[in-house]
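Q: Give me a model of this one.
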Amino acid sequence: MSEQFVAAIDQGTTSTRCMIFNHEGRVVAVDQKEHEQIFPKAGWVEHNPVEIWENTRAVTAGALAKADLKAEDIAAVGITNQRETAMVWDKNTGEPVYNAIVWQDTRTDAICQQLGALGGGAERYKDKVGLPLATYFSGPKVRWILDNVEGARERAEAGDLVFGNMDTWTVWNMTGGPDGGLHITEPTNASRTLMMDLDTLTWDESIAKDMGIPMSMLPEIKSSSQVYGEVRPRGVLAGVPISGILGDQQAATFGQACLSPGEAKNTYGTGNFMLLNTGTEKVPSKNGLLTTVCYKIGDQPTVYALEGSIAVSGSLVQWVRDNLGLINSAPEIEDLAKSVEDNGGCYFVPAFSGLFAPYWRSDARGAIVGLTRYVNKGHIARAVLEATAFQSKEVLDAMNADSGVDLTALKVDGGMVMNETLMQFQADILGVPVIRPVVAETTALGAAYAAGLAVGFWATEDDIRTNWAEDKRWEPNMEEGARAKAYASWKKAVTKTFDWVEDEA
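A: I've put the predicted structure just below:
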């Protein structure tokens, strides 16, 4: 039998790509397409789901063509996706009733406040779902669509409309769409809706009722690694089993081989997400983190995680490029930042859609503080990069406090880890080594691992540990006094963003 490979579809916030991996976990081929970012109003962020599905088909064909492979060469396909980005579509026609509402969107603030006012405030459902009531999560977005799209609620109650994060939309289309497409999800995505019980991994009917969402709209929850079905015969992967689904941050954790309690990774993408594997123990956070599902492999016990979610990191560089025009391409931010020795006293808090962990302040908005005539565009570029590192420091502090164990090193991945200036500053401000793996795009790799395990392409999780390899390590070299001073200034800057938006309800 000829060599086999595993494909992964990575449906992200700014682009969709298909990556093909060999048994050693190395990239054989990749194809990628960006999709439009739609901003109808301040604080609103949308995607066109039809465009995303078309891109998914295109990049899958592209990756296979680049590697000169056919469907019979692919043992399995895995899916990973931007979590919390919610959409509603007609199951009979496949037509979305509205654009997908992206995880960064803040329009549901009033809905979250109304639900909190029923009792318990922002922590109304936290004991059950591990999450605070926040605009970040999927459930309130579905409620908004049903309340604001003409005829949507009636169609939903008649059983014609279904909901899903982007994993559900992708799998539904890949398995036939209106012609028998599978309407499924798995726990790492379901746990980001505000509606899944973390203990039972089932939908909580009382929460769905509070949100006004018919149970018929919700996808069936499967495990993160099992054979769900095959790609239907209308694409280049026809007949290939779809056998793994993981939300993007959990996929990166899996791809980083953070498979034992106490192991953590940080992904630098559109946003920034640090996850700590807590094993089969569900650890409630007292410091502004999320308790979430890390993964569930087949019939094995559920593995949980603590997560620190940061809304804006890579997208801040994108904003500096597209909105300010300070750079022409994202990599140029590093050269501009290196043109100065420090931030010149300038701090940039990118609370474009409020602040996520550990603050959860939807009233916050972005601010640049500490400006003087001395500050130039190089200082601003450095402040842009440092914002990601400072936010990660806040999350790590909360993680250490919740877990009771101080992290001794941090595995990192995602597009921004190629920025060595950022990685060195990250090590400096954390005071621990920062380690980049050989395969830095671990999100797609994690989805591939989940899919491959289900079909026996990889035998056990030990194969994943064996495949992981270190590429580069940054050691901290900042004096403790300087670290403390810089961090105190950052914390002061963050307070300047509070209470900017007054009661959107």
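
Q: dump the residue contacts of the residue nearest to S223 when sequence neighbours are not counted.
A: Among residues not flanking S223 along the chain, K296 sits closest, at 4.7 Å (CB to CB, 6 or more residues apart in numbering). Where C-beta positions appear, they are placed from N, C-alpha and C, glycine not excepted. By CB atoms under 8 Å, 6 or more residues apart in numbering, K296 lies in contact with E186, P187, L201, S223, S224, S225, T302, V303.

Q: doesn't E186 make contact with the fourth one?
A: Pointing back at S223 there. Yes - at 6.1 Å, S223 counts as touching E186 under the criterion of CB atoms under 8 Å.

Q: The two: which is more packed in?
A: E186 (30 against 20; other CB atoms under 10 Å).

Q: so what pLDDT did the more buried one get?
A: Listed pLDDT for E186 reads 97.

Q: Equivalent analysis for D503, please.
A: 57.

Q: now swap in G271 and tell me
A: Each residue has a pLDDT score; the one for G271 is 84.

Q: before we move on, what about T135?
A: So, for T135, pLDDT stands at 91.

Q: Run a quick neighbour tally on C112.
A: So C112, with other CB under 10 Å, has 26 neighbours.

Q: helix, strand or coil for the nearest residue to it once chain neighbours are set aside?
A: Counting by CB to CB, 6+ apart, C112 lies nearest to L133, which is 4.4 Å off, once chain neighbours are set aside. Put simply, L133 is coil when judged by DSSP: H, G, I helix; E, B strand; the rest coil.

Q: pretty sure L133 contacts G116?
A: Yes - the pair L133 / G116 is scored as a contact, 5.1 Å apart, by CB under 8 Å.

Q: give the contact list for Y304.
A: L198, T278, G279, T280, E281, K282, V283, T291, T292, V293, C294.

Q: I misspoke; the intended subject was A357.
A: G288, L289, L290, E307, G308, S309, I310, E394, V395, A398.

Q: returning to that earlier point: okay, and the common contacts of L133 and G116?
A: Joint contacts of L133 and G116 (CB under 8 Å, 6+ apart) are A122, R124.

Q: Show me which of those two is the more surrounded one.
A: A count of neighbours by other CB under 10 Å puts L133 above the other of L133 and G116, at 27 against 17.

Q: Give me the distance between the more buried one and E123.
A: Look at L133 and E123: by CB to CB, to the nearest Å, they are 8 Å apart.

Q: ok, now G325?
A: 42 Å.

Q: between these two, which one's more packed in?
A: E123 (12 against 8).

Q: what's the straight distance from one end of stretch 239-254 to the other?
A: Using CA to CA, to the nearest Å, one end of stretch 239-254 lies 26 Å from the other.

Q: Check which residues of that stretch are buried.
A: 240-254 (16 or more other CB atoms under 10 Å).

Q: now stretch 141-156
A: Buried residues in stretch 141-156 (16+ other CB under 10 Å): K141, V142, R143, W144, I145, L146, V149, A152, R153, R155, A156.

Q: Contacts only, for T80.
A: Contacts of T80 by CB under 8 Å, 6+ apart are 8-11, 167, 245-248, 251, 443-444, 446-447.

Q: how about the strands in the stretch 51-200 of the chain?
A: 74-81, 86-90, 100-101, 161-165, 184-185, 196-197 (DSSP state E, counting those that start in this stretch).

Q: deepest of these, which one?
A: Most buried of the strands of the stretch 51-200 of the chain, by mean neighbour count (mean count of other CB atoms under 10 Å): strand 74-81, with a mean of 28.

Q: partners of that strand, with directions?
A: With DSSP bridges as the test, strand 74-81 is paired with strand 5-11 (parallel), strand 241-247 (parallel).

Q: CA atoms only for the last one, dumped as PDB, please.
A: Taking C-alpha atoms only, strand 241-247 is exported to PDB below (Å, rounded to 0.1, in the frame of the first residue of the first chain):
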ATOM      1  CA  PRO A 241     -13.800   9.500   6.700                       C
ATOM      2  CA  ILE A 242     -14.200  12.700   8.700                       C
ATOM      3  CA  SER A 243     -13.000  11.500  12.100                       C
ATOM      4  CA  GLY A 244     -11.800  14.500  14.200                       C
ATOM      5  CA  ILE A 245     -13.100  17.900  15.300                       C
ATOM      6  CA  LEU A 246     -11.500  20.300  17.700                       C
ATOM      7  CA  GLY A 247     -12.000  24.000  18.300                       C
END
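
Q: residues in contact with the helix or strand following that strand?
A: Toward the C-terminus, strand 241-247 is succeeded by helix 248-255 as the next helix or strand (DSSP states H and E). Identification of contacts with helix 248-255 by CB under 8 Å, 6+ apart yields 10, 12, 80-83, 188, 224, 246, 265, 267, 269, 273, 275, 277, 292-295, 305, 307, 309, 413-414, 439, 442-450, 464.
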